[in-house]
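> okay, sequence plus prediction incoming.
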Amino acid sequence: MDRERAAEWAIQVLRDRIGRPIEQAAEIGGLRERKKRQTRQMISDTATLLFLERGFDKVRVAEVAEACGVSEKTVFNYFPTKESLVLDQEENMAAQVRRALTPDAGGRSLVDGAVEVVVDNVRNLFARLEEGHVGAQEVDLFRRFIEMIDGTPALRAAQRDLMDRLVQVAAHALAERAGVSPDDPEPQMAATAILGLWAVGLRATERHTTKGLPPAQARDAVIAEVRRAGRLIDTGLWCFGAIAQGGVQREQLRLAAQSVDGARRQVIAAIRHARAAWRQVKSEAARHH
């Protein structure tokens, strides 16, 4: 596979890590709107190819515009900042977050809904890998894309800002379900934990796709990590999930949280006692022998 095609695959992988591209989500609007979406995607893809080739800081927006055959003003009409040329899926991610936390979740917990959205993204990504035409060069480009973000202060800061905005999207969705203020600590903390599932999925995908594993094996490993993370936070968020599902009232949420904290302290104390007892048994056994 030639370098340009490999780079295009790497870009698609990064889109798929957070879901299907916006233009594939629904065909909304007429020809003019479709052309605008295509132009936007073309600018983003071209910029990403240039950034991968030469480095983010060494490419000017004017050069991206020239490569696309448009004016610099046109680029900024579609993307407010240079960083958003790379991190261009905020609208899609926000839609996914709202979908994961919709009240019509079929009886699933808040965390289960988010886990299934992330797992669906992972399956879509690895379906592409299993179709073939993907080799070490493409996987290397995917790794380089992540390294470019991690190694560029401006992109890291923009990514943090993006996640902060998505946390607020989630907090508002959770607060609406629970009938509380989005500024309350419960929806804020729950939203922060739930958004962490997307980060877990990304890092697991990066790690397992660079190990040389067969696509199906890498996919299952990534999904297992996302589900493990989901189980961990589901335990801590169960009382907020109860109020969001309509099972308790707001005051009961506070009391439930206190009860959970009391139970947690009891479990910790029991573990400490068990460890102390086990050390004593080992010590007595050693003296006996």
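Alright, I've got the coordinates.
> for the stretch 151-289 of the chain, which segments count as helices?
153-178, 185-209, 215-244, 250-288 (DSSP state H, counting those that start in this stretch).
> of these, give the one that comes closest to Gly113.
helix 185-209 (8.9 Å; CB to CB). In short, each C-beta sits where N, CA and C put it, glycine included.
> between helix 215-244 and that closest one, find me the angle.
180 degrees (axes from the mean of the first three to the mean of the last three CA atoms, to 10 degrees).
> got the angle for helix 185-209 vs helix 153-178?
Going by the same axes, to 10 degrees, helix 185-209 makes 130 degrees with helix 153-178.
> packing partners of helix 185-209?
Counting contacts by 3 or more CB pairs under 8 Å, 6 or more residues apart in numbering; DSSP states H and E, helix 185-209 is packed against helix 90-100, helix 110-130, helix 136-150, helix 153-178, helix 215-244.
> and these, which one averages the lowest pLDDT?
Mean pLDDT is lowest for helix 136-150 out of the helices and strands packed on helix 185-209, coming in at a mean of 74.
> got the helices of the stretch 151-289 of the chain as JSON lines, with distance to Arg144 and mean neighbour count columns?
Output for the helices of the stretch 151-289 of the chain, formatted as JSON lines (distance: least, CB to CB, whole Å; neighbours: other CB atoms under 10 Å):
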{"stretch": "helix 153-178", "distance to Arg144": "13", "mean neighbour count": "18"}
{"stretch": "helix 185-209", "distance to Arg144": "11", "mean neighbour count": "20"}
{"stretch": "helix 215-244", "distance to Arg144": "18", "mean neighbour count": "18"}
{"stretch": "helix 250-288", "distance to Arg144": "43", "mean neighbour count": "11"}
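> now these as JSON lines including distance to Glu90?
Shown next, in JSON lines, are the helices of the stretch 151-289 of the chain (distance: least, CB to CB, whole Å):
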{"stretch": "helix 153-178", "distance to Glu90": "6"}
{"stretch": "helix 185-209", "distance to Glu90": "12"}
{"stretch": "helix 215-244", "distance to Glu90": "21"}
{"stretch": "helix 250-288", "distance to Glu90": "31"}
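> distance check, Ala218 against Phe51.
26 Å (CB to CB, to the nearest Å).
> ugh, wrong one, Ala175
37 Å.
> next: Glu83.
Glu83 is 10 Å from Phe51, by CB to CB.
> so which residue is dead centre in this structure?
Centroid check for the chain by CA atoms, centre = their mean gives Trp198 as the closest residue, at 1.8 Å.
> quick one, what contacts the closest residue to that residue other than its chain neighbours?
Leaving aside its chain neighbours, Trp198 sits nearest to Val118 (6.0 Å; criterion: CB to CB, 6 or more residues apart in numbering). Contacts for Val118 (CB atoms under 8 Å, 6 or more residues apart in numbering) come out as 197-198, 200-201, 226.
> need the max-distance pair from those.
It's Trp198 and Val226 that sit farthest apart of these, by CB to CB, at 9.2 Å.
> from the contact counts, what lies against the helix or strand encompassing Glu63?
Take DSSP states H and E as the rule and Glu63 turns out to sit in helix 61-68. The contact analysis (3+ CB pairs under 8 Å, 6+ apart) places helix 61-68 against helix 31-54, helix 72-78.
> deepest-packed of those helices, please.
Burial of those is given as mean neighbour count (mean count of other CB atoms under 10 Å); helix 31-54 ranks first at a mean of 17.
> what angle separates that helix from helix 153-178?
140 degrees.
> can you offset everything so residue one is 495?
I'll keep to 495 as the first residue from here, and by that count the last item is helix 525-548.
> who are the packing partners of helix 525-548?
Short answer (3+ CB pairs under 8 Å, 6+ apart): helix 525-548 packs on helix 497-510, helix 516-519, helix 555-562, helix 566-572, helix 630-644.
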